[in-house]
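**Student:** turn this into a structure:
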Amino acid sequence: MASFLCLRLKLRRKPVRVGESGFKKEPGPARMTKQQISKLTMSFSRSRVIAFGGFSTVYLGKFPNSGVAAVKVIDSGSSHRLSAVFRQELQILQRVRHESIVRVLGYCDEGEEGVLVFQYAANGTLHENIHGKWDSVLSWKQRMGIAYQLAQALEYLHEKCDPQIVHGDIKSSNVLLDSQFNCKLCDFGSAKMGFSSSVQPPLSGPEMIDGGARGRDISAATRPKCGRLATRMMMMGSPGYTDPHYLRTGIATKKSDIYSFGVILLELITGLEAISSSDCNERLVCKARQMLKDESKVTAMVDPRLDVGNNNLGVEVEAVASIAAMCLVDCPTLRPSASHILETMRIRVPSVGFLFSKDKGAA
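**Tutor:** Numbers count the residues shown, from 1 in each chain. Below you'll find the predicted structure:
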């Protein structure tokens, strides 16, 4: 058994071409007409709207066979940049295949609006589930399963795709959850292919961006103000999640995604938002600084809804806090890779063991 696991770990490190990985293949997304999209959304009825983004609206689509989908309509007609973002997202989603990445079922590129049809995620976003939109509370085991699957998605993008893919906007509202609370990473509008991507950051730092989305934000773009479209549209990431090294240098790499993943780990531990809406927009990373320096202080910040003390999970929580601390170090080269994160979680976070009984590789 040990030799099998060792062999499997070695095989995982070999890069493969996107869409040529040897994994089980599924038919690519279908090109659809505007008439077909209209039927799916009941003529874009307001009653079917399930989410809004900066430049997009998401509708619940219903197929004749009773299947459902999320239909993302991107108003790209007013900007060549938005049109390019739509085509870039479509190009990447057409090529990637992984069980923890949302699957695109179809698309429409007729007219000024770009449309992407995705598999439907019945349990909304991770943001909604952590921060109180739903009455139920994600258990520690569910949270760790989601974190592990998200790390698997990043490992696939960063280490198994050729060229490598930087997602560019990892945040809890871009993590969808299906009916079994499995992770489905979405929104590749900011994604870049290649080892690193040079992208101009805002002139005066993260404060130039809006204070973060609330609720169901699945758009990479934020609505512009006062003619600052060009600057905003070149910005990668979201407030509270953006790699400080990127803000200083304008260079986004896969380690920028790892930083954002560290912020999500803090959200899962504390139940707090990446940017506090009630505390002068304080960043969670700043609020958790003492916890990150000293694992023994982590229990003071654990989400009280988790009842960690009575479930003997303190050691696991400290382990996850230490992983978050590694992801959030200032120097990108010192941050762990996604595969290193997975290996550490397998060893130090027993709660993810339930995932090993079935293959969670690329689909």
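**Student:** return the residues in contact with Gln149.
**Tutor:** With contact set as CB atoms under 8 Å, 6 or more residues apart in numbering, Gln149 has these partners: 99-100, 182-183, 355, 360. In this view, the C-beta of every residue, glycine as well, is placed from N, C-alpha and C.
**Student:** any low-confidence regions in the stretch 251-363 of the chain?
**Tutor:** Counting by pLDDT under 70, the stretch 251-363 of the chain shows low-confidence ranges at 279-280, 310-311, 357-363.
**Student:** can we see that at 90?
**Tutor:** Residue ranges of the stretch 251-363 of the chain with pLDDT under 90: 276-282, 289-300, 307-314, 354-363.
**Student:** quick revisit: neighbour-wise, give me the winner out of the contacts of Gln149.
**Tutor:** Counting neighbours by other CB atoms under 10 Å, Cys183 leads those with 25 neighbours.
**Student:** how far away is it from Glu318?
**Tutor:** 23 Å (CB to CB, to the nearest Å).
**Student:** just to revisit the earlier point, now, the contacts of Gln149 that are in strands?
**Tutor:** Cys183 (DSSP state E).
**Student:** between the contacts of Gln149, which is nearest Ser260?
**Tutor:** Cys183 (14.2 Å; CB to CB).
**Student:** so how far is Tyr148 from that closest one?
**Tutor:** 8 Å.
**Student:** would you confirm that Leu116 contacts Ile74?
**Tutor:** Yes. Counting by CB atoms under 8 Å, Ile74 is a contact partner of Leu116 at 7.4 Å.
**Student:** mutual contacts of those two, please.
**Tutor:** With CB under 8 Å, 6+ apart, Leu116 and Ile74 have common neighbours Phe86.
**Student:** list the buried residues for stretch 282-292?
**Tutor:** 283-285, 288, 291-292 (16 or more other CB atoms under 10 Å).
**Student:** now do it: distance from first to last residue.
**Tutor:** 16 Å (CA to CA, to the nearest Å).
**Student:** residues touching it, excluding its own?
**Tutor:** 240, 263, 266-267, 270, 272-276, 279, 297-298, 300-301, 321, 324-325, 328.
**Student:** how about a cut-off of 6 Å?
**Tutor:** Stretch 282-292 is contacted from outside by 240, 266, 272, 274, 276, 297-298, 301, 321, 325, using CB atoms under 6 Å, 6 or more residues apart in numbering.
**Student:** can you list which of the residues you listed are found in helices?
**Tutor:** Secondary structure from DSSP state H places 266, 321, 325 of these in helices.
**Student:** residues touching the last one, list them.
**Tutor:** The contact partners of Ala325, taken as CB under 6 Å, 6+ apart, are Leu292.
**Student:** for the first one, same thing?
**Tutor:** Under the criterion of CB under 6 Å, 6+ apart, the contact partners of Leu266 comprise 284, 288, 324.
**Student:** list just the nearest of these to Gly309.
**Tutor:** Ala288 (19.0 Å).
**Student:** low-confidence stretches in the stretch 101-250 of the chain?
**Tutor:** Ranges of the stretch 101-250 of the chain meeting pLDDT under 90: 109-113, 132-136, 189, 193-237.
**Student:** quick one: the helices in the stretch 251-363 of the chain?
**Tutor:** Assigned by DSSP state H, counting those that start in this stretch, the helices in the stretch 251-363 of the chain fall at 254-270, 284-287, 289-293, 314-327, 338-348.
**Student:** okay, these in JSON lines with distance to Thr57 next?
**Tutor:** Below are the helices of the stretch 251-363 of the chain laid out as JSON lines (distance: least, CB to CB, whole Å):
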{"stretch": "helix 254-270", "distance to Thr57": "25"}
{"stretch": "helix 284-287", "distance to Thr57": "29"}
{"stretch": "helix 289-293", "distance to Thr57": "38"}
{"stretch": "helix 314-327", "distance to Thr57": "33"}
{"stretch": "helix 338-348", "distance to Thr57": "32"}
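**Student:** now for the buried residues of stretch 282-292: which two are most distant?
**Tutor:** It's Arg283 and Met291 that sit farthest apart of the buried residues of stretch 282-292, by CB to CB, at 13.5 Å.
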